[in-house]
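[1] When you get a sec, could you give me coordinates for this:
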Amino acid sequence: MQKIKVIGVGPGGASHLTPAASGALREAGVLIGGKRHLESFAGEGRETLVLTNNFNEMLELIRRRRESGVAVLASGDPGLYGILRFLLKHFDPGDLEVIPGVSSVQLAFARLCMPWDDAVILSAHGRPAESLVELAGRADKAAILTGGDNPPEKVFDLIRRDRARKTFYLCFDLSLPGETVVRLQPGDPYPEEQIGRNNCVMVVVNE
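    This is a model prediction of the structure:
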């Protein structure tokens, strides 16, 4: 039986898609992923499923069409706050082939020319922001994946309330045409022109 491909498609831009991921995408008969990823990578003539909160529909499609070659597309790397954890609740590790991708966290630290082996990595997607802020506040270096109910301006405000003297790097739309990196020193306000931008990795550092 064919393995289910779990493909990390990177931070969004095609330039950061690995050759292994490109090959796996070409071979798959059925692609499952977010709307933006399918628009970027699916092409024509293949069955697709836009993944939102329809996880049961996804599982049914995978089981029904597995022999046609199913690939699940994941933002960044599937194992970093990605879809892999959910799939392992329903399939054995031997059923899956994971193709790692460049994560937005990796790219954020690369853009900053900053080592990150000492960083705490947190996700604010679907999690209480207050507990994340406590963890980030204790760390000398943290990367926070913001968005959804916890946009970067909210996370920034919560960390600032802790009165810790932190330097913030707001890394928006990494690898995409609108990529922007903003550095905020202690005491700087959140830039009004960036309010509402949710595709952001926030790097917080004691400097």
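
[2] Could you chop this structure up by domain?
    Domain assignment for the chain by automatic domain parsing gives 4-102, 105-205.

[3] what about the longest one, how long is it end to end?
    Distance between the boundary residues of domain 105-205 (C-alpha to C-alpha, to the nearest Å) amounts to 14 Å.

[4] Over to the first one?
    For domain 4-102, the separation between the terminal residues is 20 Å (C-alpha to C-alpha).

[5] Run the chain-centre distance for that domain.
    13 Å (C-alpha atoms, centre = their mean, to the nearest Å).

[6] 51 is where my numbering starts, stick with that
    Sure, I'll start counting at 51 from here, so that last one is domain 54-152.

[7] can you count the residues close to the residue lying closest to E77 once chain neighbours are set aside?
    Nearest residue to E77, sequence neighbours excluded (C-beta to C-beta, 6 or more residues apart in numbering): G119, at 6.0 Å. Where C-beta positions appear, they are placed from N, C-alpha and C, glycine not excepted. By other C-beta atoms under 10 Å, 17 other residues sit near G119.

[8] Likewise for the one 5 residues further on?
    Using other C-beta under 10 Å, A124 has 29 other residues around it.

[9] So which residues of this structure form strands?
    For the chain, strands defined by DSSP state E occupy the ranges 54-58, 80-83, 97-100, 120-124, 146-149, 170-173, 191-195, 217-222, 230-234, 250-255.

[10] mind putting these in CSV, distance to L111 and mean pLDDT included?
    Compiled in CSV, those are given as follows (distance: least, C-beta to C-beta, whole Å; pLDDT from 0 to 100):
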stretch, distance to L111, mean pLDDT
strand 54-58, 11, 96
strand 80-83, 7, 95
strand 97-100, 6, 94
strand 120-124, 7, 95
strand 146-149, 15, 97
strand 170-173, 26, 92
strand 191-195, 27, 94
strand 217-222, 33, 96
strand 230-234, 36, 97
strand 250-255, 31, 96
